[in-house]
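>>> What follows is a predicted protein model with its sequence.
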Amino acid sequence: MTVKKKAVFLDRDGVINRDPGDYTYNWREFEFNPDLIETLKEFQKKGFLLIIVTNQGGIAKGRYTLGDYQELTKNMLEVFKSKGVTITEVYFSPHHDEVGRSLTRKPDSLLLERAIYKFNIDPAASFMIGDRERDIFAGEKVGIPGILIEANSSLTLIKDRILNG
């Protein structure tokens with residue numbers, strides 16, 4: 001029997017990076033939130049996989065392109081890697097309810113379900129960190145406890161809840 005893994009699922013805009021209130025798609029405007037790298041390293045040391053799950057509805061709405069999203073993600077992952085942070089996977093939904101519903105868009109849980117299956121994750125031993133209720137609802141649908149934070153805040157405020165179970 002395979003041992004199940006634990007993970008910290010992270011929303012992107014507002015949790016990983018500063019969310020200016022509109023779409024973040026330009027790397028020149030991308031800014032990591034305070035203390036993020038250090039906190040993610042602590043999660044990693046405690047054996048958590050780090051998985052980003054993000055709605056990118058601006059693609060469906062024509063605000064930016066899939067290529068813009070991919071370029072920003074590539075740069076973000078390079079910075080993480082250079083700082084010793086391993087992001088196991090980035091899942092994104094390019095859909096928006098104004099253009100057509102999708103089960104990949106939070107508050108639905110399909111992206112989380114994919115990660116749970118692919119990486120053999122124990123939802124009860126994992127956490128979903130988000131800055132909107134829809135992030136938390138997506139986690140709850142699959143049994144992942146959610147932690148709602150204020151957008152653009154430091155994860156140090158909630159890290160003990162995760163590190164101490």
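Yes, it's here. Numbers count the residues shown, from 1 in each chain.
>>> And for the helix or strand where M76 lies, what's in contact with it?
Element membership for M76 (DSSP states H and E) is helix 66-82. For helix 66-82, contacts defined as CB atoms under 8 Å, 6 or more residues apart in numbering pick out 16-17, 24-27, 30, 32, 37, 40, 56, 59, 86-87, 90, 92, 94. All C-beta spots, glycine's among them, are computed from the backbone N, C-alpha and C.
>>> Equivalent analysis for stretch 108-125, please.
Contacts to stretch 108-125, defined as CB under 8 Å, 6+ apart, come from residues 2, 4-7, 9, 49, 51, 53, 88-89, 91-93, 102-104, 128, 138-139, 141-145.
>>> Let me know the average pLDDT across that stretch.
In this model, stretch 108-125 has a mean pLDDT of 96.
>>> And that stretch, what's buried?
Neighbour-count burial for stretch 108-125 flags D108, S109, L110, L111, L112, E113, A115, I116, I121, P123 (criterion: 16 or more other CB atoms under 10 Å).
>>> Next: stretch 55-65.
Within stretch 55-65, the residues that count as buried by 16+ other CB under 10 Å are N55, Q56, G57, G58, I59, A60, Y64.
>>> Distance check, the second one against Y69.
To tie it back to what came earlier, the one meant is Q56. Distance of Q56 to Y69, computed by CB to CB, to the nearest Å: 5 Å.
>>> overlap in contacts of the two?
With CB under 8 Å, 6+ apart as the test, Q56 and Y69 both reach F92, P94.
>>> how far out from the middle of the chain is whichever strand in the chain runs longest?
When the chain is parsed with DSSP state E, its longest strand is strand 48-55. Its chain's average C-alpha position is 4 Å from that of strand 48-55, according to CA atoms, centre = their mean, to the nearest Å.
>>> Please apply the same query to stretch 154-165.
Centre-to-centre, stretch 154-165 and its host chain are 16 Å apart (CA atoms, centre = their mean).
>>> Next: stretch 2-19.
Remark: stretch 2-19 is offset 4 Å from the chain centroid, using CA atoms, centre = their mean.
>>> Can I get that stretch in PDB, CA atoms only?
What follows is stretch 2-19, C-alpha atoms only, in PDB (Å, rounded to 0.1, in the frame of the first residue of the first chain):
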ATOM      1  CA  THR A   2       1.400   3.400  -1.000                       C
ATOM      2  CA  VAL A   3       1.700   6.100   1.600                       C
ATOM      3  CA  LYS A   4      -0.400   9.100   0.800                       C
ATOM      4  CA  LYS A   5       1.200  12.500   0.600                       C
ATOM      5  CA  LYS A   6       0.200  15.800   2.100                       C
ATOM      6  CA  ALA A   7       0.100  19.000   0.100                       C
ATOM      7  CA  VAL A   8      -0.400  22.700   0.500                       C
ATOM      8  CA  PHE A   9      -2.600  24.000  -2.300                       C
ATOM      9  CA  LEU A  10      -2.100  27.700  -3.000                       C
ATOM     10  CA  ASP A  11      -4.200  30.100  -5.000                       C
ATOM     11  CA  ARG A  12      -1.900  32.400  -7.100                       C
ATOM     12  CA  ASP A  13      -3.200  36.000  -7.200                       C
ATOM     13  CA  GLY A  14      -3.400  37.400  -3.700                       C
ATOM     14  CA  VAL A  15      -1.700  34.400  -2.100                       C
ATOM     15  CA  ILE A  16       1.500  33.900  -4.100                       C
ATOM     16  CA  ASN A  17       1.700  37.400  -5.600                       C
ATOM     17  CA  ARG A  18       0.300  40.800  -5.000                       C
ATOM     18  CA  ASP A  19      -3.100  41.100  -6.600                       C
END
